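> here you go, sequence then predicted model.
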Amino acid sequence: MPRLALVALLVSLLVGCRPLRRSTANLVIMQTEAPRSMDPADHTETYTSAVLDPMYEGLTRFNQQLQVVPALATSWRSAADGMTWTVALRANVRFHDGTPFNADAVLASFNRMIDVKRGLAGASNVRRTVESVHALDPLTVSFRLKAPFAAFPQLLAVTSMISPAADRNGYLSRHAVGTGPYRFAEWKTGEYVREVRNEEYWGKKLRPAELRWMWTTEPALMNMAVLAGEVDLVNPLPPVFADAMRHNQKVRLLSGESSAVFWVALNTRYKPLGDVRVRRALNYATDRVNLVRSQLRGYGRPASSPLSPAIANYDAGVKGYPYDPGKARALLAAAGYPDGFQLSMAVQENLVNFAEVLQGMWAQVHVTLTIQRLESGVFSQTIFGTPEQKAATRTDSVFASWASPTLDAERQLGPLFRTRNWSPVGANLGFYSNPKLDKSLDQAAAELDPVKQHAFYKDAQQIISDDAPHVLLYSAVDLAAVRENVSDLWLFPGGQVELAY
């Protein structure tokens, strides 16, 4: 059956048969992906986190102003050297299975992530940061870090505490057990996840009595479902539908700055790209304004910094690269490539249209771009190859993005640009190295004074821009559509829908 006909059939079934008979006290949310797990430490997906967050909590959390505030911890402090953090825990809190939240539960939650033998997919941020955790008393814990890390309170906000009993019993992957304002009720594979309000929650009771999470990969179905009132919110909303939604009184748009920056990582081991003049030329040959206008319908921001405006220490004053194909051609000629050169790019299937736009732009400066269109599994394997593997597969560049879940500059810049994070160890996909940048990032990550820290990160952003290891492209605007009578929802940078506390 043709794709458009299939969408039309699904919409008619959804609207005509009205399968969701629900109370107005319930909230139905449709996303583009099914959850991968009910274990918060065993996935890395934004839309899985959205499903799990109402059921789990961290020691801290982000409020709508993106400030770090108390959650399961009531206070925290760092030692002068930044290596030890002491955290006071909230009393009289229980997990959904009735077991107590205390220092032992914090140790269990962190030690399972530190343990490399557990192989938890979402544990890398904790493993690279935390050396050990100790209970000082039943409601106080001490963390010893591997290196000073000023953004440690942000890491605590995205690290969920789990019931040690549920972990021992081995069913967290299918049955969530946290301390949050909603309890796990049902996961019907392929259809929905249902959560019910935790009437024993220690904090503010939230309005919806039940949350139901659904998913579809059909953007047209998402659009029609929220317009028909069959779901309360769809996330993410494709930019192609955004203008129409703005003028529809039945719905309103939720929007916000994304934490992700999209870019092309340039393989500096490939001879032409080892020359900074060539890398700068590709940046000058890229019309970011047109890319945002044509592909994102204007719902985005051309990137000059490797940080999104949603990330702490973003500097709007970083000098980037305006569109100037004449300057690009001059740089290529000075580097010995007056007639251009051949370049290949690894791209996921859903981003091929963006790569094709770049292909046309770069052809104007005689760079011939070959697009390697890869499905997600092969893409991940390819882009995290060694220098030798990428040379063998002619992976000269990679179209991708990165978003720090903790909204801090170290977790955005370090994995992408530190020398020690060359793939496959990290996400430095182009094998870029600059000792001056490494030093700036080390100083910034350890600095607790926000003014001094910003100065280090400002320098780091300019170094990256000058060296041009990436062709920086854009940061998108996160978009979701919600029924006009639904309130108390907001978008966390990166697109995750949150309930307002």
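Received, thanks. Numbering: from 1, shown residues only.

> average pLDDT across the helix or strand encompassing Leu437?
Assigning secondary structure by DSSP states H and E places Leu437 in helix 435-446. Mean pLDDT, helix 435-446: 96.

> please renumber the chain so that the first residue is 235 from this point on.
In the new numbering, first residue 235, that becomes helix 669-680.

> which other helices and strands does it contact?
helix 643-651, helix 684-701 (3 or more Cβ pairs under 8 Å, 6 or more residues apart in numbering; DSSP states H and E). C-beta here means a position set from N, CA and C on the backbone, and glycine is covered the same way.

> pretty sure Ala410 sits against Pro288.
No - using Cβ atoms under 8 Å, Ala410 makes no contact with Pro288, being 9.3 Å away.

> show me which of these two is the more surrounded one.
More crowded of Ala410 and Pro288, by other Cβ atoms under 10 Å: Ala410, with 30 against 25.

> for the one helix or strand Ala499 maps to, packing partners?
In this structure, Ala499 sits in strand 495-500 according to DSSP H and E. For strand 495-500, the elements it packs on are helix 510-518, strand 631-636, strand 704-717, judged by 3+ Cβ pairs under 8 Å, 6+ apart.

> indicate which one of those is closest to Pro536.
Pro536 sits nearest to strand 704-717 of all the helices and strands packed on strand 495-500, at 5.6 Å, using Cβ to Cβ.

> strand partners of the closest one, parallel vs antiparallel please.
Note on strand 704-717: by DSSP bridges, its sheet partners are strand 467-469 (antiparallel), strand 485-491 (antiparallel), strand 495-500 (antiparallel), strand 534-536 (antiparallel).

> can you map out the strands along the stretch 335-484 of the chain?
364-371, 374-379, 416-422, 426-431, 444-449, 467-469 (DSSP state E, counting those that start in this stretch).

> give me whichever of those strands is most buried.
Compared across those, strand 467-469 shows the largest average neighbour count, a mean of 26 (mean count of other Cβ atoms under 10 Å).

> any idea of the mean pLDDT for it?
What strand 467-469 shows for mean pLDDT is 96.

> contact partners for Val526?
Gly532, Tyr533, Gly534, Arg535, Pro536, Tyr708 (Cβ atoms under 8 Å, 6 or more residues apart in numbering).

> distance to Ser489 added to the strands of the stretch 335-484 of the chain, as CSV?
Compiled in CSV, these are given as follows (distance: least, Cβ to Cβ, whole Å):
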stretch, distance to Ser489
strand 364-371, 35
strand 374-379, 36
strand 416-422, 25
strand 426-431, 25
strand 444-449, 21
strand 467-469, 11
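
> to Val498, which of those lies closest?
If you check each of the strands of the stretch 335-484 of the chain against Val498 by Cβ to Cβ, strand 467-469 wins as the nearest, at 26.9 Å.

> just confirm Val581 is within a strand.
Yes - according to DSSP: H, G, I helix; E, B strand; the rest coil, Val581 belongs to a strand.

> so it sits against Arg607, correct?
Yes - using Cβ under 8 Å, Val581 is in contact with Arg607, at 6.0 Å.

> tell me which of those two has more neighbours.
Neighbour tally, Val581 and Arg607, criterion other Cβ under 10 Å: the higher count belongs to Val581, 24 against 14.

> roughly how far apart are the more buried one and Ser699?
23 Å (Cβ to Cβ, to the nearest Å).

> cool, and Arg361?
Noted for Arg361: a distance of 30 Å to Ser699, by Cβ to Cβ.

> circling back: can you tell me which of the helices and strands packed on strand 495-500 is most buried?
Buried most deeply of the helices and strands packed on strand 495-500, by mean count of other Cβ under 10 Å, is strand 704-717, with a mean of 25.

> what comes up buried for the helix or strand following it?
Once the chain leaves strand 704-717, the next helix or strand it forms, by DSSP H and E, is strand 723-726. Buried residues in strand 723-726, counting neighbours by 16 or more other Cβ atoms under 10 Å, are found at Leu723, Leu725, Phe726.

> do the same with stretch 301-310
Val302, Ala305, Leu306, Ala307, Trp310.

> excluding its backbone neighbours, what's nearest the second one?
Once flanking residues are discounted, Ala305 sits nearest to Arg295: 4.2 Å by Cβ to Cβ, 6 or more residues apart in numbering.

> where does that neighbour land in three-state SS?
strand.

> contacts only, for it.
Val302, Val303, Pro304, Ala305, Ala391, Tyr735.

> now swap in Val510 and tell me
Here Val510 is in contact with Asp701, Ala702 (criterion: Cβ under 8 Å, 6+ apart).

> how much space between it and Arg295?
Val510 sits 42 Å away from Arg295, going by Cβ to Cβ.

> again, but for Ile545
Distance, Ile545 to Arg295, by Cβ to Cβ: 18 Å.

> how about the residue most central in space within the chain: what's its closest non-neighbour residue?
Using Cα atoms, centre = their mean, the residue of the chain that lies closest to the mean C-alpha position is Ala637, 3.9 Å off. Nearest residue to Ala637 in three dimensions, chain neighbours excluded: Ala494, at 3.8 Å (Cβ to Cβ, 6+ apart).

> thought Ser376 was touching Thr318?
Yes - when contacts are counted by Cβ under 8 Å, Ser376 is listed as touching Thr318 (6.3 Å).

> where do the helices sit along the stretch 335-484 of the chain?
Shown for the stretch 335-484 of the chain, the helices assigned by DSSP state H, counting those that start in this stretch span residues 337-348, 358-363, 386-391, 398-403, 453-461, 473-480.

> could you tell me the least trusted of those helices?
helix 473-480 (a mean of 90).

> including secondary structure and pLDDT, could the buried residues of stretch 301-310 go into TSV?
Below are the buried residues of stretch 301-310 laid out as TSV (DSSP: H, G, I helix; E, B strand; the rest coil; pLDDT from 0 to 100):
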residue	secondary structure	pLDDT
Val302	strand	97
Ala305	coil	98
Leu306	coil	98
Ala307	strand	98
Trp310	strand	98
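
> pick out the most distant pair among these.
Val302 and Leu306 (12.9 Å).

> for Pro334, give me the pLDDT.
pLDDT, Pro334: 98.

> now it: how far from Ala342?
With Cβ to Cβ as the criterion, Pro334 and Ala342 are 12 Å apart.

> of the buried residues of stretch 301-310, closest to Arg446?
Distance to Arg446 across the buried residues of stretch 301-310 (Cβ to Cβ) is lowest for Ala305, with 24.6 Å.

> compute the number of surrounding residues for Pro658.
With other Cβ under 10 Å as criterion, Pro658 counts 12.

> count of neighbours near the residue nearest to it when sequence neighbours are not counted?
Distances taken as Cβ to Cβ, 6+ apart place Phe618 nearest to Pro658, at 4.6 Å, with adjacent residues excluded. Residues contacting Phe618 under the criterion other Cβ under 10 Å number 16.
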